[in-house]
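Trainee: need coordinates for the following:
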Amino acid sequence: MHAVPNHSEESKIAAAPDSDALQAVREELLEKISANGNLPALGSSVSRVVQLASSDDEAVRSLAHFIMSDVGLTQKILRISNAACFRSHASNSPVTTISKAIFLLGFDTVKTCALGMLLVDRMPGSRAAGVRAELLHALSASMFGRELARRSQLKDAEEAAIAALFGNIGRLLVAAHDHTLYAEINALASEGMAPAKAAREVIGSSYETLAETVMTAWDMPDSIIQAQAPLPAGPVRSPRNRQEWIQQVAAFSNAAAKVLAQPDNPDAAIAALLGRFGAALNLDQARLGAMLATVAEETAAMASQLKLAPVAPATVAAPTPPEPDKTPSLWRALESDDGSLLGLPAEFLLQAAGDEDPLQTVGRHASGKPLNARELLLAGVQDVTEMMASGRCKANDLIMLVLETIYRGMGFRFATVCIKDIKSNQFRARISLGENNVARQAGFAFSATSSRDLFHLAMANEADLLISDATDAKIRDLIPAWHRALLPDARSFIVLPLVVQKKPLGLFYADRILPASEGVPPDETAMIKTLKGQVVAALSSR
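Mentor: Model (predicted):
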């Protein structure tokens, strides 16, 4: 992050007798924030994810790519996706891919969870009690925002959940970078001083002003920044437009998160919350009670996954009270990453043929292929079948899910799907995963004009190929020059042609840098063929 600019509001303090001292404190705090090496990367990542819109056809692919580029984030999203409270209306089968997580839980839920996890993982001092409390507050607020966004008919309503997530970013930054100042502000607030005034007394700036300064430097959307402005005191009027609604949801969510974190006298706190926001946001006692119960459970699940202290849910008189014994307990440990697959068909053709979590990667062959590849592939076949049966399956989402299943289930280094481009008369990579996938996707293209190489032979014969050792003399001469130039270290790879009514539409490709003598048994081969067949069936029906 560049040097954080001064905000105009601070000039209003100049008349105060201790304005010079306050300005020095504020500038020192801003310098600490600016000097933190993690924040530029955090700001860049947050901005990138925030700007993904669910209405964009490319957004699902972009979000999946972003998450899978971070191994730790991938694992956390998969585990939270398997928490019972996040999957109450979803499939009973475990979530093993990011594509399925997005499909089942929804783009907006996964996006908000990813943002919350980024905030926790990259915020300094997350072991300090004050920082943990503020991080939990942010996660909880985002859950409230998401619940209200689900009920809204407004376009891109999920922005409200993001605005809620950053509603306490000012407090969080102070807690993370100067605990003494944070404690002084809290002490004044506990004596009855308004939080905004307490912050100005200590750091010469309200928390909201500090948040606006930093979020502007992070290049956050104006709608998110403007939503942090405080609302007038008293009951909130019905929103006149989308921006007012986002602002009200952000304010409500942060107020509700406080109620959740401080269960003392919840009835009075809930009554105050309803009195202020009930009419504007169409909330009554029953709806708010159910929302508090849901958010308490979901926040506890996130807190468990991120190793933060759990939120103690307020006891609420509501139709669906929280059940303490249902606190998220089932984390599905799922690895991501590389490895590979292999086997020699005929010469080169694939020949078709309890208490432990079967989807946890329990180990790998020397090649990198998971020892439980069969279970991972089977889960992928079930996921694809479920997606196709839902009636809301897009071909691109299906292709992404199959590609991710093959990539993760067999442990490849790089995987892509090529589709024929009529205008250029080429087969070009359209979706890719793995190491250096952006650069490799850009170069992965070859002429559609028939040629005697492995790729054209596979499509011409509708033959699924799995090359176990690309240095073998029988194979070396069939590898085209463009492939040797782009992927010179590919020792083994798979080619799965997509052919509809004798017309080649494209192919799946995946490779690794090591040979794998373990091969591919018939049951794994059958599932790989099934995955490809499901894509061909979807393409045939278009």
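Trainee: and the helices in the stretch 51-200 of the chain?
Mentor: Secondary structure of the stretch 51-200 of the chain (DSSP state H, counting those that start in this stretch): helices at 59-68, 71-81, 98-105, 107-122, 129-151, 159-165, 169-177, 179-190, 195-203.
Trainee: do you know which of the ones you listed lies nearest Gly278?
Mentor: Closest approach to Gly278 among those is made by helix 129-151 (12.4 Å; Cβ to Cβ). No exception for glycine: its C-beta is placed from N, CA and C like everyone else's.
Trainee: got the buried residues for that closest one?
Mentor: 130-149 (16 or more other Cβ atoms under 10 Å).
Trainee: not including adjacent chain positions, what is the nearest residue to Thr385?
Mentor: Spatial nearest neighbour of Thr385, chain neighbours left out: Gln534 (7.2 Å); criterion: Cβ to Cβ, 6 or more residues apart in numbering.
Trainee: let me fix that, I meant to ask about Arg428.
Mentor: The shortest distance from Arg428 to any residue that is not its chain neighbour, by Cβ to Cβ, 6+ apart, is 4.4 Å, and that residue is Ala445.
Trainee: same check, this time on Thr471
Mentor: Arg491 (6.9 Å).
Trainee: surely Ile98 touches Ile67?
Mentor: Yes: shown here, Ile98 and Ile67 form a contact pair, counting by Cβ atoms under 8 Å, at 5.2 Å.
Trainee: ok, the two, which is more surrounded?
Mentor: Under the neighbour definition other Cβ atoms under 10 Å, Ile98 and Ile67 were set side by side, and Ile98 has more, 28 against 24.
Trainee: so how far is Leu73 from the residue nearest the centre of the chain?
Mentor: The chain has Ala114 as the residue nearest its centroid, 3.5 Å off, counting by Cα atoms, centre = their mean. Computed with Cβ to Cβ, to the nearest Å, the distance linking Ala114 and Leu73 is 6 Å.
Trainee: what touches both of those two?
Mentor: Residues within reach of Ala114 and of Leu73 at once, by Cβ atoms under 8 Å, 6 or more residues apart in numbering, are Ile67.
Trainee: domains of this structure?
Mentor: Structural domains assigned to the chain are 23-326, 373-540, following automatic domain parsing.
Trainee: can you give me the end-to-end span of the shortest one?
Mentor: From the first residue to the last, domain 373-540 extends over 28 Å; the measure is Cα to Cα, to the nearest Å.
Trainee: pLDDT-wise, which helix or strand of this protein ranks last?
Mentor: Considering only helices and strands, the least confidently modelled element of the chain by mean pLDDT, DSSP states H and E is helix 38-50, at a mean of 75.
Trainee: show me which residues of that one are buried.
Mentor: With burial defined by 16+ other Cβ under 10 Å, the residues of helix 38-50 counted as buried are 39, 42-43, 45-46, 49-50.
Trainee: where in this structure is pLDDT low?
Mentor: Residues of the chain that meet the criterion pLDDT under 70 lie in 1-18, 36-40, 53-57, 84-92, 126-127, 263-264, 309-362, 542.
Trainee: what segments of it are strands?
Mentor: In chain order, the chain shows strands spanning 414-421, 426-434, 445-447, 465-467, 492-500, 503-512, with DSSP state E as the criterion.
Trainee: what pairs with the second one, parallel or antiparallel?
Mentor: It stands for strand 426-434. Take DSSP bridges as the rule and strand 426-434 pairs in its sheet with strand 414-421 (antiparallel), strand 445-447 (antiparallel).
Trainee: just want the angle from that strand to helix 98-105.
Mentor: Interaxial angle, strand 426-434 versus helix 98-105 (axes from the mean of the first three to the mean of the last three Cα atoms, to 10 degrees): 80 degrees.
Trainee: output strand 426-434 as CSV, nothing but the C-alphas.
Mentor: Extracted as CSV, the C-alpha positions of strand 426-434 are listed here (Å, rounded to 0.1, in the frame of the first residue of the first chain):
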residue,chain,number,x,y,z
GLN,A,426,-7.2,-23.8,-34.1
PHE,A,427,-7.7,-25.7,-30.9
ARG,A,428,-7.0,-23.3,-28.0
ALA,A,429,-6.8,-23.7,-24.3
ARG,A,430,-9.8,-22.0,-22.6
ILE,A,431,-9.7,-23.1,-19.0
SER,A,432,-6.5,-24.1,-17.1
LEU,A,433,-5.4,-25.1,-13.6
GLY,A,434,-2.1,-25.7,-11.9
